[in-house]
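Asker: missing the sequence, but the structure's below:
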């Protein structure tokens, strides 16, 4: 079990508001860790600190042993090794699917057009999106857009995939197709950190679940224990609310 | 509750029978349209006819008609005014291209967030404040008369050139702000996506933000294009022989103002189609947004 992401005593303020309070968490290679918790608990911020979309204030985050703010990553090394997918897809609307997913390989990592296109076709085919290479994002369903966004994040063969509530904007009947892809990635050994409100998915896909509240990880462990026998009253209250809303 | 109809169990029975046909398309109903049309026409005739009667009833109308709407004078002045108008068109297009490019440079500098750009950002802010704050006419006068007198070596010395420069500097300040509004309107998630892919700040602008921003501001830019077409006439004050200047020259030699009406007609011929095009682009853009929102 080699650690892939090591988060050590990380603190983050937005202005004077404390959003992460000395958070520590380790994600091992090939492991899937789900972050759950109420809105505003700091889950997304923690995820964004890992690929430095947000710069943390105190503590260290290491990716494969190297601090994420280490100059050894250069300008784009971290982004190459840690891909992220957002809740609202954030595909570029003026570009075709193919242009969207070959943009970074070609412009950032200097891959030739032919090579990038070949890799793109391979990734799209894997997600059942071959045939949509020339489509524009707004012509696709939400589920298809999110599959393209995942493909885009995987183009550079990252070591880690960060998923930020990627099914939260989808119509209920489209959630399944996206979650199936995540399961496929897990089976292929991808290391993932997943912020999710899909408790059913977290329960049977995660190796470990961490419950965040007010910028702290209150409880962490295998899903069966977190969902079956939560120790913290706040975890229990949160899960009760989720169950009451019919989402578990 | 009986089990008489299977559809009752869980909703409609799709096999029941076909849906009713689409309603027939109604032809144009002349009888229904007659009254509103008649009222509209009557209203038109009474308003505009009344206005025409009022103006022509003025004691001086026959004199004004002779001085401003003299057909012979119009025909006589037309070739020279048209020649001047050709100058307007040339200046307009050249200045327009320069404005669009220079304003884009200003807007890009202003939106780059890297710290070492701070002094340049400040310069752009000051530039925009100054050139938006001074009337275009004043700038044209200052540049058109002032700079040629300097006799700067290596630079053209004509009023036409420096007057055009003044137009570019002034309009670019406005257009830069339009660009910037377009840049700011692009969703923050687009920047996050670009950054997460490793794109540099410049690449983010170039590939992700600007293409969307430019598309957003096309309708607003069209208004500037129309306004600029007319404002080129300001160059006449520094002696550029555009349509207005040529019309004035004719007026000065004949004491007949019909040439000004000719110039006005030419401007309208050019601006009205552009205004319609601007409306069309705005409408199309609105539809596009609504479709996305739906």
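Answerer: Structure received. The model shown is predicted, which means the values in this text are computed figures rather than measured ones.
Asker: the longest helix in chain A is where?
Answerer: Secondary structure of chain A per DSSP state H: the longest helix is helix A:172-187.
Asker: what comes into contact with the helix or strand that comes right after it?
Answerer: Next in sequence after helix A:172-187, counting helices and strands by DSSP states H and E, comes strand A:191-195. The contact list for strand A:191-195 (CB atoms under 8 Å, 6 or more residues apart in numbering or on different chains) reads A:4-5, A:27-36, A:43-44, A:47, A:50, A:159-165, A:182, A:185-186, A:202, A:205-206. Yep, even glycine has a C-beta here, placed from its N, CA and C like the rest.
Asker: ok, the residue positioned nearest the centre of chain A - contacts?
Answerer: Centroid-nearest residue in chain A: residue A:163, 1.7 Å away (criterion: CA atoms, centre = their mean). With contacts defined as CB under 8 Å, 6+ apart, residue A:163 is in contact with A:47, A:84, A:85, A:182, A:192, A:193, A:194, A:195, A:196.
Asker: That one sits in which helix or strand?
Answerer: Secondary-structure assignment from DSSP H and E places residue A:163 in strand A:160-164.
Asker: and that strand, average pLDDT?
Answerer: Across strand A:160-164, the average pLDDT comes to 95.
Asker: Could you tell me how many residues sit around the closest residue to residue B:238 other than its chain neighbours?
Answerer: The shortest distance from residue B:238 to any non-neighbouring residue, by CB to CB, 6 or more residues apart in numbering or on different chains, is to residue B:144 (3.2 Å). The criterion is other CB atoms under 10 Å in any protein chain shown. On that basis, residue B:144 has 24 neighbouring residues.
Asker: repeat for residue B:30
Answerer: Applying the criterion other CB under 10 Å, we find 8 residues in the vicinity of residue B:30.
Asker: What's the per-residue pLDDT of it here?
Answerer: Note on residue B:30: pLDDT of 81.
Asker: go on, residue A:19?
Answerer: Per-residue confidence at residue A:19 stands at 95 (pLDDT).
Asker: Secondary structure of it: a strand, I assume?
Answerer: Yes - under DSSP: H, G, I helix; E, B strand; the rest coil, residue A:19 sits within a strand.
Asker: That one: neighbour count?
Answerer: Close neighbours of residue A:19, defined as other CB under 10 Å, add up to 22.
Asker: before we move on, what about the one 4 residues further on?
Answerer: A total of 24 residues lie near residue A:23 under the criterion other CB under 10 Å.
Asker: and it, that one's in a strand?
Answerer: Yes - inclusion of residue A:23 in a strand is indicated when three-state DSSP is applied.
Asker: Would you map the helices across chain B?
Answerer: For chain B, the helices identified by DSSP H occupy B:7-10, B:30-56, B:61-68, B:71-111, B:118-133, B:136-141, B:147-150, B:159-185, B:188-196, B:201-203, B:210-231, B:243-254, B:258-293, in order along the chain.
Asker: What subset of the contacts of strand A:191-195 is buried?
Answerer: Among the contacts of strand A:191-195, those scoring as buried are A:4-5, A:27-28, A:31-36, A:43-44, A:47, A:50, A:159-165, A:182, A:185-186, A:202, A:205-206 (criterion: 16 or more other CB atoms under 10 Å in any protein chain shown).
Asker: what about the longest helix of chain A, distance to the chain center?
Answerer: 13 Å (CA atoms, centre = their mean, to the nearest Å).
Asker: neighbouring contacts of that helix?
Answerer: Helix A:172-187 is contacted by residues A:32, A:127, A:141-143, A:146-147, A:150, A:161, A:163, A:166-167, A:170, A:192, A:194, A:198, A:201, A:205 when judged by CB under 8 Å, 6+ apart.
Asker: That helix vs strand A:191-195, what angle?
Answerer: Orientation check (axes from the mean of the first three to the mean of the last three CA atoms, to 10 degrees): helix A:172-187 against strand A:191-195 gives 150 degrees.
Asker: how about helix A:172-187: buried residues?
Answerer: A:174, A:175, A:177, A:178, A:179, A:181, A:182, A:185, A:186.
Asker: circling back to that earlier point, what's the PyMOL line that selects buried ones from the contacts of helix A:172-187?
Answerer: Buried residues within the contacts of helix A:172-187, by 16+ other CB under 10 Å, are selected in PyMOL with:
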select buried, chain A and resi 32+127+142+143+146+147+150+161+163+166+167+170+192+194+198+201+205
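Asker: thinking again about what came up before, I'd like the buried residues of helix A:172-187 written out as a markdown table, with pLDDT added.
Answerer: Formatted as a markdown table, the buried residues of helix A:172-187 follow (pLDDT from 0 to 100):
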| residue | pLDDT |
| --- | --- |
| A:174 | 87 |
| A:175 | 89 |
| A:177 | 89 |
| A:178 | 90 |
| A:179 | 91 |
| A:181 | 92 |
| A:182 | 93 |
| A:185 | 94 |
| A:186 | 94 |
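Asker: and which of these is nearest to residue B:248?
Answerer: residue A:174 (68.1 Å; CB to CB).
Asker: Neighbours of the nearest residue to residue A:93 once chain neighbours are set aside, how many?
Answerer: Nearest residue to residue A:93 in three dimensions, chain neighbours excluded: residue A:137, at 5.4 Å (CB to CB, 6+ apart). Counted with other CB under 10 Å, the neighbours of residue A:137 add up to 20.
Asker: hmm, back to that, quick check: angle from the longest helix of chain A to strand A:160-164?
Answerer: Direction vectors for helix A:172-187 and strand A:160-164, defined by the same axes, to 10 degrees, enclose an angle of 160 degrees.
Asker: returning to that earlier point: list the contacts for the residue nearest to residue A:93?
Answerer: Shown in contact with residue A:137 (CB under 8 Å, 6+ apart): A:89, A:91, A:92, A:93, A:95, A:97, A:100, A:145, A:148.
Asker: and with 6 Å instead?
Answerer: Residue A:137 makes contact with A:91, A:93, A:145, according to CB atoms under 6 Å, 6 or more residues apart in numbering or on different chains.
Asker: again, but for residue A:33
Answerer: Each residue near residue A:33 by CB under 6 Å, 6+ apart is listed here: A:27, A:193, A:208.
Asker: let's see it at 8 Å
Answerer: By CB under 8 Å, 6+ apart, residue A:33 lies in contact with A:25, A:27, A:192, A:193, A:194, A:206, A:207, A:208, A:209, A:210.
Asker: Quick check: pLDDT value at residue A:144.
Answerer: 93.
Asker: nearest spatial neighbour of residue 142, skipping sequence neighbours?
Answerer: Reading this off chain A. Here the nearest residue to residue A:142 in space, its sequence neighbours aside, is residue A:170; by CB to CB, 6+ apart that works out to 4.8 Å.
Asker: you looked at the wrong chain, it should be chain B
Answerer: Spatial nearest neighbour of residue B:142, excluding adjacent residues (CB to CB, 6+ apart): residue B:166 at 7.1 Å.
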